[in-house]
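Chemist: got a predicted model here, sequence first, then my questions.
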Amino acid sequence: MRDVKKLDEILLKIEKHSAKILLLVMIVMVFASGVARFIGHPINWAVDFSTFLFGWAAFFAVDIAWRENKMMSVDIFVKRLSERKQKIIRLINYFIILAFSFYLIVWGFYLSYKTRYRTFVGMPNFSYTWVTLSVPVGGVLLFRSTILKILAEFRNKKEAQ
């Protein structure tokens, strides 16, 4: 169990660093593209590459926020319920999120397969599949995080809330 927790911490660190780096490179690429276009030498592939980076950064960021309980929630009514009813509502939400992430996994892999021959306009040798793979990978990460929350809920750990 201790090794699993350590592996989980390493995975979270990798996700955090990857999201930060992808976001930073995306910002630099968009800014450089704007400057280059202003001086008359546009970087045609910069926007396409930024789209690729954004797809991956967004799914990493969603999982990070979900794991660290930093997602926005409206719980003004739920807080007034008993602890048992709150737990039931949390579990229902977790199972809805599991279903949604399963949908992302299945259809994300299907979409990735379907786009294997599609390329970016500005990057002719770069398959669009690399962007669409962020959907099922993000879905797998979200699915894993939600399973951990459900397990923690059944163990009555405070971190699941």
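Modeler: Great, that's in hand.
Chemist: going forward, measure contacts between C-alpha atoms and count neighbours the same way
Modeler: Fine.
Chemist: mind naming the longest helix for this protein?
Modeler: Looking across the chain with DSSP state H, the single longest helix is helix 2-38.
Chemist: contacting residues around whichever helix or strand comes after that helix?
Modeler: Remark: after helix 2-38, the chain's next helix or strand is helix 46-67, criterion DSSP states H and E. Defining contact as CA atoms under 8 Å, 6 or more residues apart in numbering, one finds that helix 46-67 is touched by 12, 15-16, 18-20, 22-23, 25-27, 29-30, 33, 71, 120-123, 130-132, 134-135, 138-139, 141-142, 145.
Chemist: tell me the buried residues in the helix or strand just after helix 46-67?
Modeler: Moving toward the C-terminus from helix 46-67, the next helix or strand (DSSP H and E) is helix 83-114. Buried residues in helix 83-114, counted by 16 or more other CA atoms under 10 Å: 86-87, 90-91, 94-95, 97-98, 101-102, 104-105, 108-109, 111-112.
Chemist: going by distance to residue 149, which of those wins?
Modeler: Nearest to residue 149 among the buried residues of helix 83-114 is residue 94, at 7.7 Å by CA to CA.
Chemist: what's around the nearest residue to the closest one once chain neighbours are set aside, how many residues?
Modeler: What sits nearest to residue 94 in space, not counting adjacent residues and going by CA to CA, 6 or more residues apart in numbering, is residue 146, at 6.3 Å. Using other CA atoms under 10 Å, the number of residues around residue 146 comes to 24.
Chemist: quick one, what contacts residue 146?
Modeler: Residue 146 touches 94, 97, 98, counting by CA under 8 Å, 6+ apart.
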